[in-house]
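Asks: sequence and predicted structure, then a few things I'm wondering about:
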Amino acid sequence: MHATSSSSSARRLPAAFQRLAWSNLLAQSAEQISLAAAPLVAVFALGADARGTGLLQTAQTLPFLLLSIPLGVWADRRSRRTLMALAEGVRACAMLCVLLLVTTHALSLPLLAALGLIAATGTVAYNVAAPSLVPSIVPREAHASANGRLELARSVAYSAGPALGGLLVGWIGPGWAYGGAAILSALAVVLLAGLREPPRSAAPARHFMLELRDGTRFVLHDALLRPMLATAVFFNLGFFILQAVYVPYAVHRLGLSASAVGMTLGAYGVGMVCGALAAPAIARRLAFGRMLVIGPSCGLLASFAMGATLVAPSFWLAITSFFLLGAGPILWVVGSTTLRQAITPERMMGRVSALISTATYGARPVGALLGAGISARWSIDACLVVAAGAFLAQALIIVMSPAARLARIPEPGAAAC
């Protein structure tokens, strides 16, 4: 891919993609505001304890495991734009229900958890449908730029959304924070309603399990997608083992104050924004396979930086670790999504995205449980060592895979199976 043609294509991203990108920013922001508001509402308005907020968090992430694959099959059978608009409309309704329950003093923790679960369907729909929609509305040579734009929007939402959610709860009350999220979701629906999705040839109706089997077989038998999946799983295992124990580790071992802990965690969002901004330029200047290696390598370096605090407790090592954990994965998401779009047949794009999303997000609660179990059985120090082992595994998997040797984005059907 030539730098000149890639750059000019990036500048000519079509109007349909612009609508998708802006709706994505609004939808991701709505999600992050509601996710930040939920535990604050639970604690300050409902008197929830740690167990209650933990169950609330479980409810808000459960749709990634339960709905990714069904929604992925839907995305391959029907309009992806319609799926995203319906799911975002459901999120807006759920947020308005929370607002109504708060204002009438009828909200309870089970209701908040149930509505949070319903609202998360919007996020799941975007995760499986947006990457599947991009190839149909963006020229192939501009896929990396388009994916970078989507990830930049996600990064901005992840960086600013939680802070904005907390401020809204403090300034105007918990109910109206949800009202603001509902407005953002409604605007995302409006933008999606005006997006023209190219028609697709009708596929013969098949049984759900047959379609799921075909998608699974395609991913597991493909010499490029298989290591991409394994890399993502091990990265998320390592990351969430670390996440499970970081706050008590930072307070008791690193001696950080609450504000300093917040600064280290905030470096993650800063890294995401920096990585997303740099992604198009990196894609133009490096061989495609080298770009794929950057993200897992950053994860490994981040684990080394955090591990070094075992012998040299340091705020700066911790903040460097989280910055790398933010910057690297964004480059990985852009590159891996572009590769998946290039080699996956259009008819099964949604299923493949859903399978990878399910495996990736499914590794997160497993990693968190491992972190809790290892720290209870041995120590927090052991968690950092095990997390570093997982990051080493994901880096080795991608470096030794044929994907790392790709000079450019492969042509459709070029992947080895």
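Replies: Ah, there it is.

Asks: show me where the stretch 201-350 of the chain has its helices.
Replies: Ranges of helices in the stretch 201-350 of the chain, per DSSP state H, counting those that start in this stretch, are 208-221, 225-252, 258-285, 288-308, 315-343, 349-377.

Asks: including distance to Leu152 and mean pLDDT, could the ones you listed go into TSV?
Replies: Bear in mind the C-beta positions are built from the backbone N, C-alpha and C, glycine included. What follows is the helices of the stretch 201-350 of the chain, written out as TSV (distance: least, C-beta to C-beta, whole Å; pLDDT from 0 to 100):
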stretch	distance to Leu152	mean pLDDT
helix 208-221	27	68
helix 225-252	20	82
helix 258-285	4	77
helix 288-308	15	90
helix 315-343	8	85
helix 349-377	19	74
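
Asks: and of the ones you listed, who's closest to Leu192?
Replies: helix 349-377 (16.1 Å; C-beta to C-beta).

Asks: hang on, the earlier thing: export the helices of the stretch 201-350 of the chain to JSON lines and tack on distance to Ile118 and mean neighbour count?
Replies: Converted to JSON lines, those look like this (distance: least, C-beta to C-beta, whole Å; neighbours: other C-beta atoms under 10 Å):
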{"stretch": "helix 208-221", "distance to Ile118": "22", "mean neighbour count": "15"}
{"stretch": "helix 225-252", "distance to Ile118": "24", "mean neighbour count": "22"}
{"stretch": "helix 258-285", "distance to Ile118": "26", "mean neighbour count": "19"}
{"stretch": "helix 288-308", "distance to Ile118": "32", "mean neighbour count": "22"}
{"stretch": "helix 315-343", "distance to Ile118": "26", "mean neighbour count": "24"}
{"stretch": "helix 349-377", "distance to Ile118": "17", "mean neighbour count": "20"}
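
Asks: closest to Ile172 out of those?
Replies: Evaluated over the helices of the stretch 201-350 of the chain, closeness to Ile172 peaks at helix 258-285, with 22.1 Å, by C-beta to C-beta.

Asks: what's the spacing between the closest one and its chain's center?
Replies: 14 Å (C-alpha atoms, centre = their mean, to the nearest Å).

Asks: now it and helix 315-343, what's the angle there?
Replies: 40 degrees (axes from the mean of the first three to the mean of the last three C-alpha atoms, to 10 degrees).

Asks: which strands and helices sit next to helix 258-285?
Replies: Here helix 258-285 touches helix 3-11, helix 143-172, helix 225-252, helix 288-308, helix 315-343, going by 3 or more C-beta pairs under 8 Å, 6 or more residues apart in numbering; DSSP states H and E.

Asks: can you put the helices of the stretch 201-350 of the chain in CSV and add distance to Arg77?
Replies: Converted to CSV, the helices of the stretch 201-350 of the chain look like this (distance: least, C-beta to C-beta, whole Å):
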stretch, distance to Arg77
helix 208-221, 8
helix 225-252, 21
helix 258-285, 31
helix 288-308, 30
helix 315-343, 19
helix 349-377, 8
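
Asks: between those helices, which gets nearest to Ser29?
Replies: So among these, helix 258-285 is nearest, using C-beta to C-beta, at 12.9 Å.

Asks: which pLDDT does the model give Gly72?
Replies: Predicted confidence (pLDDT) at Gly72: the value is 72.

Asks: that one and Arg78, how far apart?
Replies: 12 Å (C-beta to C-beta, to the nearest Å).

Asks: and the two? which has more neighbours close in?
Replies: The residue with more neighbours, out of Gly72 and Arg78, is Gly72; 31 against 12, by other C-beta atoms under 10 Å.

Asks: from Leu355, how far off is that one?
Replies: 7 Å.

Asks: quick one on the thing from earlier: who wins for proximity to Glu31 among the helices and strands packed on helix 258-285?
Replies: Nearest to Glu31, of all those, is helix 143-172, at 7.2 Å by C-beta to C-beta.

Asks: now that closest one: average pLDDT?
Replies: pLDDT averaged over helix 143-172 gives 69.

Asks: I appreciate the help and will end here.
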